[in-house]
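Chemist: here is a sequence together with a model predicted from it:
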Amino acid sequence: MLTAALLAVPGITALSSAARAADADLAVNGGFESGLSGWTCTAGSGTTVNSPVHGGSSALQATPAGSDNAQCAQTLTVKPSSQYTLSGYVRGSYVYLGASGTGTTDVSTWTQSAPDWQKLTTTFTTGASTTKVTVYTHGWYGTGAYYADDVSLVGPGASAGQPPAAPTGLKAGTVTSSSVALSWAAVSGATSYAVYRDGAKVQAATGTSATVTGLNPSTAYGFQVTAVNDAGESAKSAAVTATTTAGPSGGSGDLPTHALVGYLHSSFANGSGYTRLADVPDSWDVIDLAFGEPTSATSGDIRFNRCPVTECPNVESDADFKAAIKAKQAAGKKVLISIGGANGQVQLTTTAARDAFVSSVSNIIDTYGLDGLDIDFEGHSLSLNASDTDFKNPTTPVIVNLISALKTLKAKYGSKFVLSMAPETFFVQMGYQYYGTGKWGGQDPRCGAYLPVIYALRDDLTLLHVQDYNSGPIMGLDNQYHSMGGADFHIAMTDMLLTGFPVAGDAGNVFPPLRPDQIAIGMPASVNAGNGYVAPSEVTKALDCLTKKTNCGSYTTHGTWPALRGLMTWSVNWDRFSNWEFQKNFDAYFG
């Protein structure tokens, strides 16, 4: 009877058909077939997977952390005063689907447990002046990964209008050795701007100015800008050219254009055998004497004890060791004392420990006539207090005191002083996802703990050679996890250092890029030296990608860096054990 009554009213039937015809699915990449295109996930928590999927070949996988619910969202253009239906398929525990910014009542729906795909649906009506709505999925803190697929927002489409006109008045302002400041005239109807460097898009801006960083010294660059709105992107502006200034004299250490760095076991022996300093081939440009260690973890009093004859029968005398240092230096090589290592925990918890560190390290440098210092703090040496959340302004004593000590040593020995650091990936690149204990606590306080030290010493730092070994999977700037075992890991980890990255996913708190001449890639010399060994062919692939943008595989770098300083390895001893495989490959590549 009801059906017959409705069919007898043509106006209602026509209205329903017209409404359906006007509706469209406004969601962008709702099936995640194009990766995360169109979506933004908090703290790099999201990725795409091929299994499980609801439809197509891909689905979203997002993993909440202790302080993050792994929200993935996109903002869409809608019509005011219109009704929309939001739906999607989810799997996992405590999975939410919702919409915010509706202009009326924001909505969400959720499931406590979905062991298989479950459809979630909710509806809302936009406000009288609402033209943008954000749709999202998220999980719950620390409850494990969830999955989402085939997300749709069905309702009336909205005309996006026309792209804006091309910007005018582009000009360069302040220029440094690594950055160029740009400004341009505002464009009517633009909601943002895109900045291009030598034809490649390098960053977005909401205002009419931007500073492009991560540039090489004494290099000419061409810049253009486009204006953007919901309808698209304008044509590019007229180009402006700017040449960066010469690089800072501090921190260069008079190294060759491409340098080979190796650790020499000087205070101990292991399966690789003891190697005399005089027997290290000339290919090695920087030799880190391993290791200076503290008398206790918190004393700051560092001692360098050479390997005893009982452990190293072929060890040279102190006189011969010092003579070998002078001979290396005469040949243009740098010999440093490396502090720390796996067994050398150094925690400068007090100013007294800081001062003892400066005094004792100075004594080692002066006694042996060394060129500088390598910081190889591992384990629990660096850890952030819970209240220490800004890497640019650290407050944790062990961090503040180390920065102070290193600045004092640099000032004491001057511009020729070589300062290098060898942190593990956990203390640097992991900072892209997590920093310290996190806003809500529960994270490892050591995570990202090297970032404030590197940042504070960036103008004094000669070399940063992160240990791309003995590492778990690390998320790269493509929001994918990268694991040891091939060129991809070294490419992704090095790209992060040369491009910069938001710390703990905070776009307003970016760790700026380092100069390519400050970066050497850390690798094990052989399968015996540590987890993460890669064959010479994979080393070559990594170098090709980073310096020439060839052989890159699936990872797309954010630049090309022919001035990349070189390679670091653990260790000279292990490379000798393996018939100098690592050194020979370096020599063949760089000549």
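Modeler: Received, thanks. Residues are numbered from 1 along each chain as shown.
Chemist: give me the number of residues near A588?
Modeler: Residues within reach of A588, counting by other CB atoms under 10 Å, total 10. All C-beta atoms are positioned from the backbone trio N, CA, C, and that covers glycine.
Chemist: no wait, D198
Modeler: Neighbouring residues of D198 were enumerated by other CB under 10 Å; the total is 14.
Chemist: same question for S34.
Modeler: Neighbour count of S34, defined by other CB under 10 Å: 12.
Chemist: so Q61 sits right up against A145, yeah?
Modeler: Yes. Between Q61 and A145 there is a contact at 5.4 Å, judged by CB atoms under 8 Å.
Chemist: hey, which helix or strand in this protein has the poorest pLDDT?
Modeler: One helix or strand of the chain scores below all others by mean pLDDT, DSSP states H and E: helix 2-7, with a mean of 35.
Chemist: next, count neighbours for D150.
Modeler: Neighbour number of D150 under other CB under 10 Å is 19.
Chemist: follow-up on the earlier one: between Q61 and A145, which one's more packed in?
Modeler: Neighbours per residue, other CB under 10 Å: of Q61 and A145, the larger number sits with Q61, 21 against 18.
Chemist: please name the nearest non-neighbouring residue to that one.
Modeler: Distances taken as CB to CB, 6 or more residues apart in numbering put V49 closest to Q61, at 4.6 Å, once the chain neighbours are dropped.
Chemist: now do G476
Modeler: A492 (3.6 Å).
Chemist: now do the SS call for the one you found.
Modeler: helix (DSSP: H, G, I helix; E, B strand; the rest coil).
Chemist: mind listing what it touches?
Modeler: Neighbour list for A492: 474, 476-478, 482, 555 [criterion: CB atoms under 8 Å, 6 or more residues apart in numbering].
Chemist: measure it to N385 for me?
Modeler: Distance of A492 to N385, given as CB to CB, to the nearest Å: 30 Å.
Chemist: please, which helix or strand holds D544?
Modeler: helix 536-548 (DSSP states H and E).
Chemist: okay, buried residues for that helix please.
Modeler: Under the neighbour-count criterion of 16 or more other CB atoms under 10 Å, helix 536-548 has 538-547 buried.
Chemist: which one among those gets closest to T425?
Modeler: Nearest to T425 among those is A542, at 14.8 Å by CB to CB.
Chemist: can you pull the contacts of that closest one?
Modeler: Going by CB under 8 Å, 6+ apart, A542 touches 487, 490-491, 494, 521, 534.
Chemist: now render those as CSV, adding distance to T244 and neighbour count.
Modeler: Output for these, formatted as CSV (distance: CB to CB, whole Å; neighbours: other CB atoms under 10 Å):
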residue, distance to T244, neighbour count
A487, 29, 23
H490, 26, 27
I491, 25, 27
T494, 21, 25
I521, 24, 25
V534, 33, 22
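Chemist: and the residues you listed, which two are furthest apart?
Modeler: Farthest-apart pair in the contacts of A542 is T494 and V534; separation 13.3 Å (CB to CB).
Chemist: circling back: turn the buried residues of helix 536-548 into CSV, columns for distance to S67 and pLDDT.
Modeler: Converted to CSV, the buried residues of helix 536-548 look like this (distance: CB to CB, whole Å; pLDDT from 0 to 100):
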residue, distance to S67, pLDDT
E538, 36, 97
V539, 37, 97
T540, 40, 97
K541, 36, 97
A542, 33, 97
L543, 37, 97
D544, 39, 96
C545, 34, 96
L546, 33, 96
T547, 38, 94
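Chemist: so the residue positioned nearest the centre of the chain, which state does it fall into?
Modeler: With distances taken as CA atoms, centre = their mean, M496 lies nearest the centre of the chain, 3.6 Å away. Secondary structure for M496, judged by three-state DSSP, is helix.
Chemist: then A172?
Modeler: Secondary structure, three-state DSSP: A172 is strand.
Chemist: ok, and the closest non-adjacent residue to it?
Modeler: Nearest non-adjacent residue to A172 (CB to CB, 6+ apart): A242, at 4.0 Å.
Chemist: just to check, that neighbour is in contact with T174?
Modeler: No. Using CB under 8 Å as the test, A242 is too far from T174 to be in contact (9.9 Å).
Chemist: common neighbours of those two, please.
Modeler: Residues touching both A242 and T174 by CB under 8 Å, 6+ apart: V180.
Chemist: looking at these two, which one has more neighbours?
Modeler: It is A242, of A242 and T174, that has more neighbours when counted by other CB under 10 Å, with 20 against 10.
Chemist: from A194, how far off is the more buried one?
Modeler: Per CB to CB, A242 is found 18 Å from A194.
Chemist: ok, now G438?
Modeler: Plainly put, G438 is 32 Å away from A194 if you go by CB to CB.
Chemist: try N385
Modeler: 39 Å.
Chemist: which regions of this protein lie under the pLDDT threshold?
Modeler: Applying pLDDT under 70 to the chain flags residues 1-22, 66, 159-160, 247-253.
Chemist: which element is W284 on?
Modeler: Going by DSSP H and E, W284 is not in any helix or strand.
Chemist: so it sits against G262, correct?
Modeler: Yes. Here W284 reaches G262: they are 5.1 Å apart, a contact under CB under 8 Å.
Chemist: of the two, which one has the most company?
Modeler: When W284 is set against G262 and neighbours are counted by other CB under 10 Å, the residue ahead is G262, at 28 against 22.
Chemist: the more buried one falls within a strand, correct?
Modeler: Yes. According to three-state DSSP, G262 belongs to a strand.
Chemist: if I look at the residue lying closest to it once chain neighbours are set aside, how far off is L277?
Modeler: The shortest distance from G262 to any non-neighbouring residue, by CB to CB, 6+ apart, is to V572 (4.0 Å). Per CB to CB, V572 is found 9 Å from L277.
Chemist: how about T122?
Modeler: 70 Å.
Chemist: which one's more surrounded, the two?
Modeler: L277 (20 against 16).
Chemist: list the contacts of the nearest residue to that one once chain neighbours are set aside.
Modeler: Closest residue to L277 apart from its sequence neighbours, by CB to CB, 6+ apart: A324 at 3.9 Å. Counting by CB under 8 Å, 6+ apart, A324 makes contact with 276-278, 316.
Chemist: A324 - that's part of a helix, no?
Modeler: Yes. Looking at A324 with three-state DSSP, it is inside a helix.
Chemist: and it, how close does it get to G559?
Modeler: In this view, A324 and G559 are 39 Å apart by CB to CB.
Chemist: mind listing the strands for the stretch 101-250 of the chain?
Modeler: Taking DSSP state E, counting those that start in this stretch, the strands of the stretch 101-250 of the chain run over residues 107-125, 132-138, 146-156, 171-175, 180-183, 192-197, 200-205, 209-212, 220-229, 232-233, 240-243.
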